[in-house]
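J.: Generate coordinates for the sequence data below:
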Amino acid sequence: MNSASGAGAGASPPDPHSALVAPTTSTTPETIPGPSSQPPLPLPSAAAAAAPQPSRYESQKRRDWNTFMQYLKNHKPPLTLARCSGAHVLEFLKYLDQFGKTKVHVNGCPFFGNPNPPAPCACPLKQAWGSLDALIGRLRAAFEENGGRPESNPFAARAVRIYLREVREGQAKARGIPYEKKKRKRPAVAAVAVAKVTAGSDQVGSSGGRRKLINNNSVADDHVSAGAGVIL
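T.: This is a model prediction of the structure:
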């Protein structure tokens, strides 16, 4: 008893921090975050997968609109869309000529009006009229789609229409290529249907005319018979 108590009395008091020391002999493996432990990425929904891709026209319209907005931002002084007018649109179209790839002969060029020049010349390259006309059409639609009012659309200004007409006529003379609107050909089925309708109306009209003529003749015969009776 004395030895046990002596042993207990001689033992050192327990370390209060010993409970905070993690054991090093644990057999439980550590979990290290990694690709295998990450939750799987959610699959795209059916609605997102079935969303239609923008058409080529819509994609080009978006690019044209971004290009024009960047032009307004780089303008000196910078311009806002609300202050943009038809004159600024004309500046933008003339600015695009430096990126053109269409040879437009000047009046003094020996190949002026020649659609197939036999040799190269120093005439400038410009944007073709067809490209500018299509560009203005896309920007006119994009302006209204982005909150612009139709009555204040700078791309529909009269000055822009006049400029495009002058470019068309000037390039037609310089390149010797007239720009003519293609006439739409009526489908053969529609033409046959119209012909049948026209023929049917003619038949109805002719039969109605004969019926009216017969009725008039019968009425006239009745008048003649009545008159004959009176005379008798």
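J.: Please enumerate the helices of this protein.
T.: Applying DSSP state H to the chain gives helices spanning 2-10, 46-49, 56-74, 86-96, 129-145, 158-175, 188-231.
J.: where does the protein dip in pLDDT?
T.: Across the chain, the ranges flagged by pLDDT under 70 are 1-51, 180-232.
J.: ok, now with 80
T.: Within the chain, the ranges that satisfy pLDDT under 80 run 1-52, 178-232.
J.: Provide a list of residues in contact with residue 130.
T.: With contact set as C-beta atoms under 8 Å, 6 or more residues apart in numbering, residue 130 has these partners: residue 179. In this view, the C-beta of every residue, glycine as well, is placed from N, C-alpha and C.
J.: if I look at residue 158, how far off is residue 89?
T.: In this view, residue 158 and residue 89 are 11 Å apart by C-beta to C-beta, to the nearest Å.
J.: Likewise for residue 78?
T.: As judged by C-beta to C-beta, residue 78 and residue 89 stand 16 Å apart.
J.: and what of residue 62?
T.: From residue 62 over to residue 89 (counting by C-beta to C-beta), the distance is 18 Å.
J.: which one of these two has more residues nearby?
T.: Using other C-beta atoms under 10 Å as the criterion, residue 62 and residue 89 rank with residue 89 on top: 23 against 14.
J.: got the contact list for the more buried one?
T.: Contacts here follow C-beta under 8 Å, 6+ apart; on that basis residue 89 touches 136, 139, 154, 155, 157, 159, 160.
J.: Pull up the gap between it and residue 56, please.
T.: Per C-beta to C-beta, residue 89 is found 24 Å from residue 56.
J.: same check, this time on residue 163
T.: Residue 163 sits 26 Å away from residue 56, going by C-beta to C-beta.
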